[in-house]
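S.K.: Could you work out the structure for the sequence below:
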Amino acid sequence: MTRPEASPCAAGGRVVTTSAERHVRALFDAVGLAVPDDELTSIAGDYPTLRHQADELHRTATDGIPRAVSAPKTYRALAPTAPPAHRATAETIRSTARKLRDGTISATELTTDIFARIDRLDGELGAYVSTFRDAALEAADRADRELRAGHDRGPLHGIPLAIKDVIATIEGPTRANSVVVPSRWQGNRDATVVARLRDAGAIPVGKATTHEFALASNDPANGFPTSRNAWATDRFAGGSSSGTAVAVASGLAVAGLGTDTTGSIRHPAALNGVTGLKVTFGRVSTAGMMPLAPSLDTVGPVARSAWDCAQLLQVMAGHDPSDARSSRQPVPHYLDALNGSVRGLRIGWPKGYFFDPGNVAEPVTAAVTAAISVLREAGATVSEVRLPSADMAKFAGTVVVLSEAFAQHRDDLVARWADYGGNVRGLLARGALFGAADYFQARNIAAVFRREVFEAMRDCDVLILPTMPTGARLLDETDPTMMDRWSSASFTPQWNLTEVPVCAVPVGFDGGGMPVSMQVVGKPFDEATVLRVADAYQRSTDFHLAAPAVLRAAGAQVGRTLPKDI
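M.R.: Sure, this is the predicted structure:
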């Protein structure tokens with residue numbers, strides 16, 4: 001442990017500092033960051049861990065021997081409860097589209113009902129930052145008139161969607177849940193994905209809550225809500241696409257859009273019991289998305305089912321000339337792949353790391369293992385595969401995302417430190433603690449892990465593993481800087497480095513009644529097979545249709561007003 005040393009302060013007194021604090025101060029001074037002493041102390045406390053893990057990246061990149069850098073994460077014991085006798089009553093895009101066409105409900109009635117639920121429940125759930133009531137009802141009326149006239153734009157026609165508040169819409173400002181508007185941000189028109197969904201008849205109903213800049217938990221002092229888990233409002237809702245996942249899980253939208261840079265779709269989808277798809281990098285345009293780490297950022301769907309995700313992806317996918325990273329790969333017809341069969345498909349089971357007892361809770365292991373058995377009984381073959389660099393790749397993802405996020409915000413952070421929320425500014429500043437050599441070696445580790453994945457998938461069509469090590473934990477156990485996620489086992493960031501598609505799929509509940517999820521990992525641009533496996537599993541189970549058993553009565557508030565219509 002570093003020995004505290006005395007250092008004079010400007011006021012003539014003396015403060016206790018450490019060599020780590022002085023070193024961190026020097027790094028910040030080099031880039032012009034004036035970090036207050038109390039915040040610097042907190043950041044410096046994490047510096048030895050960050051430096052140790054970065055040094056392990058260098059060692060592994062040099063000798064090729066994978067290291068384990070995760071420390072076990074312990075939580076206080078919770079009284080066990082019986083898993084909920086869930087009611088498979090949730091509506092999907094597919095079922096709602098059928099009702100819109102058979103006259104059971106109109107788009108106007110559906111959208112009006114969505115806003116009534118928002119008014120009744122969102123003061124407690126915090127799914128939305130703002131809502132587009134007038135514009136959405138106008139769009140719903142137009143959808144009804146078009147459908148009556150025989151102008152059917154497809155299954156999304158008249159479907160209300162939640163849009164994460166880092167994705168631009170014409171109805172209102174895109175703020176990324178921050179009072180800071182990045183100097184380079186241009187978001188005065190629909191993002192490409194929003195424009196495509198709107199053309200297909202979908203109806204944006206509001207901006208969904210996110211973590212500030214899709215990175216760190218919101219600072220209550222800045223006035224933005226914190227999403228609460230749809231199954232229990234004292235539990236963490238995940239990050240950073242939490243608002244979208246909560247809205248879908250609690251019926252405040254039929255589906256929605258999220259973004260995934262290190263797991264930000266899959267993480268809240270898992271904790272709230274819905275389906276979320278991280279697409280292949282470049283498969284869906286990010287034009288009109290406020291960037292976090294441009295080499296990792298993806299936009300994807302959050303919905304009840306794999307079928308719903310396939311339908312959304314069908315509209316969203318495809319080359320966009322306004323996005324330099326957008327792929328020209330042809331877009332298949334995803335729904336054609338959802339034939340209900342996995343017979344002959346080959347599943348890889350990466351038991352090491354992802355199923356190690358110290359890394360994942362037993363109820364999660366049991367639920368995911370049972371899901372694999374369902375697929376095996378349906379005709380898939382299962383074989384064990386090895387991914388020895390999984391833990392190193394997890395931390396490599398930390399270096400990449402923090403380095404790129406700091407690069408995105410450096411000038412604004414220097415000029416407006418106090419305007420950024422307390423959690424996000426500290427996390428962005430941690431990105432300044434890595435150098436070019438660290439970033440380069442993180443990219444080397446990413447390449448190593450990518451080779452391991454591709455080698456493992458030479459004889460497999462998909463891999464299956466847990467999405468999260470546990471179900472949703474209590475809010476007061478959650479580290480707002482997310483350092484605990486990056487210093488303990490984590491199962492989502494690795495896959496952004498490999499650029500492959502991954503779907504989070506509900507597979508049951510833990511001992512506390514919180515949803516549990518598996519990830520289905522596929523080959524680049526093979527979302528069709530990933531969705532085929534997820535859909536086949538969902539045809540045999542109904543966990544994806546489970547609705548939260550209890551939602552609090554209307555009018556309950558958690559320190560904020562209801563969403564403002566704009």
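S.K.: For the nearest residue in space to residue 229 that is not next to it in sequence, give its distance to residue 510.
M.R.: Computed as CB to CB, 6 or more residues apart in numbering, the closest residue to residue 229 that is not its neighbour in sequence is residue 235, at 3.9 Å. Using the backbone N, CA and C atoms, a C-beta is placed for each residue, glycine as well. With distances taken as CB to CB, to the nearest Å, residue 235 is found 11 Å from residue 510.
S.K.: just residue 313 next, same as before
M.R.: From residue 313 across to residue 510, the span is 29 Å (CB to CB).
S.K.: Any buried residues in stretch 434-441, and which?
M.R.: Of the residues in stretch 434-441, 434, 438, 439, 441 count as buried by neighbour count, 16 or more other CB atoms under 10 Å.
S.K.: typo on my end, stretch 183-195
M.R.: For stretch 183-195, by 16+ other CB under 10 Å, it's 185, 187, 190, 191, 192, 193, 194, 195.
S.K.: Distance across it, terminal residue to terminal residue?
M.R.: 24 Å (CA to CA, to the nearest Å).
S.K.: average model confidence for that stretch?
M.R.: Mean per-residue pLDDT for stretch 183-195: 91.
S.K.: now stretch 18-25
M.R.: For stretch 18-25, mean pLDDT rounds to 92.
S.K.: repeat for stretch 422-438
M.R.: Mean pLDDT, stretch 422-438: 96.
S.K.: got it, and stretch 371-379?
M.R.: What stretch 371-379 shows for mean pLDDT is 98.
S.K.: same check, this time on stretch 213-222
M.R.: On average, the pLDDT along stretch 213-222 is 92.
S.K.: ok, and what's touching that stretch?
M.R.: Outside of stretch 213-222, the residues within contact range by CB atoms under 8 Å, 6 or more residues apart in numbering are 164, 166, 176-179, 209, 211-212, 224-226, 239-241, 259, 261, 264, 290, 292, 405, 409, 421-424, 426-428, 478, 480-482, 559.
S.K.: How about stretch 357-375?
M.R.: In contact with stretch 357-375 (CB under 8 Å, 6+ apart) are residues 70, 72, 342, 345, 347, 349, 353-355, 382, 464-466, 468-471, 489, 491, 505, 507-511, 516, 518, 533, 536-537, 540-541.
S.K.: try 6 Å this time
M.R.: Stretch 357-375 is contacted from outside by 72, 342, 355, 464, 466, 469-470, 489, 507-508, 510-511, 516, 518, 540, using CB atoms under 6 Å, 6 or more residues apart in numbering.
S.K.: residues in contact with stretch 258-273?
M.R.: For stretch 258-273, contacts defined as CB under 6 Å, 6+ apart pick out 164, 166, 214, 230, 237-238, 240-242, 244-246, 249, 276, 278, 292-293, 296-300, 302, 397, 401, 467-468, 472, 492-493, 496, 504, 506, 515, 517, 546.
S.K.: Where helices are concerned, which of these count?
M.R.: Secondary structure from DSSP state H places 242, 244, 245, 246, 249, 397, 401, 493, 496 of these in helices.
S.K.: And for the second one, the neighbour number?
M.R.: Put plainly, it is residue 244. By other CB atoms under 10 Å, the residues close to residue 244 number 39.
S.K.: likewise the fifth one?
M.R.: The tally of other residues near residue 249 (other CB under 10 Å) stands at 29.
S.K.: follow-up on the earlier one: for the ones in helices among the contacts of stretch 258-273, which one is nearest residue 332?
M.R.: Nearest to residue 332 among the ones in helices among the contacts of stretch 258-273: residue 496, at 22.4 Å, using CB to CB.
S.K.: And the nearest residue to that closest one once chain neighbours are set aside, how far from residue 325?
M.R.: Closest residue to residue 496 apart from its sequence neighbours, by CB to CB, 6+ apart: residue 296 at 4.5 Å. Counting by CB to CB, the separation of residue 296 from residue 325 is 11 Å.
S.K.: Between those two, which is the more surrounded one?
M.R.: Using other CB under 10 Å as the criterion, residue 296 and residue 325 rank with residue 296 on top: 22 against 14.
S.K.: Could you tell me which of the buried residues of stretch 434-441 belong to helices?
M.R.: Using DSSP H, the subset of the buried residues of stretch 434-441 located in helices is 438, 439, 441.
S.K.: what packs against the helix or strand residue 393 falls within?
M.R.: Assigned by DSSP states H and E, residue 393 belongs to helix 390-415. Packed against helix 390-415 by the contact rule (3 or more CB pairs under 6 Å, 6 or more residues apart in numbering; DSSP states H and E) you find helix 422-430, helix 436-456, helix 493-498.
S.K.: Closest to residue 35 out of the ones in helices among the contacts of stretch 258-273?
M.R.: The closest of the ones in helices among the contacts of stretch 258-273 to residue 35 turns out to be residue 401 (CB to CB; 20.1 Å).
S.K.: who are the neighbours in contact with the closest one?
M.R.: 261, 262, 293.
S.K.: now those residues as a markdown table including distance to residue 110, neighbour count and pLDDT?
M.R.: Output for the contacts of residue 401, formatted as a markdown table (distance: CB to CB, whole Å; neighbours: other CB atoms under 10 Å; pLDDT from 0 to 100):
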| residue | distance to residue 110 | neighbour count | pLDDT |
| --- | --- | --- | --- |
| 261 | 32 | 27 | 98 |
| 262 | 34 | 31 | 96 |
| 293 | 36 | 22 | 98 |
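S.K.: State the number of residues packed around the nearest residue to residue 499 once chain neighbours are set aside.
M.R.: Leaving aside its sequence neighbours, residue 499 sits nearest to residue 281 (CB to CB, 6+ apart; 3.9 Å). Residue crowding around residue 281 was assessed by other CB under 10 Å; the count is 22.
S.K.: Residue 173 too?
M.R.: That count, for residue 173 with other CB under 10 Å as the rule, works out to 15.
S.K.: For the residue most central in space within the chain, give me the pLDDT.
M.R.: Centroid-nearest residue in the chain: residue 264, 1.4 Å away (criterion: CA atoms, centre = their mean). Per-residue pLDDT puts residue 264 at 97.
S.K.: hmm, back to that, quick one, phi psi at the residue nearest to residue 499?
M.R.: phi -60, psi 130 (degrees, to the nearest 10).
S.K.: now do residue 173
M.R.: Backbone torsions for residue 173, taken as degrees, to the nearest 10, come to phi -70, psi 150.
S.K.: Tell me how far it lies from residue 189.
M.R.: For residue 173, the distance to residue 189 equals 12 Å [CB to CB].
S.K.: And residue 291, by the same measure?
M.R.: According to CB to CB, residue 291 and residue 189 sit 16 Å apart.
S.K.: just residue 323 next, same as before
M.R.: Residue 323 is 14 Å from residue 189, by CB to CB.
S.K.: just checking, residue 463 touches residue 522?
M.R.: No. Applying CB atoms under 6 Å as the test, residue 463 and residue 522 come out as separate, 8.1 Å apart.
S.K.: burial of residue 32, as a residue count?
M.R.: Applying other CB under 10 Å, I find that residue 32 has 12 neighbouring residues.
S.K.: Equivalent analysis for residue 418, please.
M.R.: 8.
S.K.: out of the contacts of residue 401, which one sits closest to residue 64?
M.R.: Proximity of these to residue 64, judged by CB to CB, is greatest for residue 262, which lies at 24.5 Å.
S.K.: Leaving out chain neighbours, which residue sits closest to residue 401?
M.R.: Among residues not flanking residue 401 along the chain, residue 293 sits closest, at 4.4 Å (CB to CB, 6+ apart).
S.K.: hmm, I was thinking of residue 258
M.R.: The shortest distance from residue 258 to any non-neighbouring residue, by CB to CB, 6+ apart, is to residue 241 (3.0 Å).
S.K.: right, and the one you found touches residue 165 too?
M.R.: No. In this structure residue 241 lies outside contact range of residue 165 using CB under 6 Å: 9.8 Å.
S.K.: When those two are compared, which one has more neighbours?
M.R.: Neighbours were counted for residue 241 and for residue 165 using other CB under 10 Å; residue 241 has more, 36 against 31.
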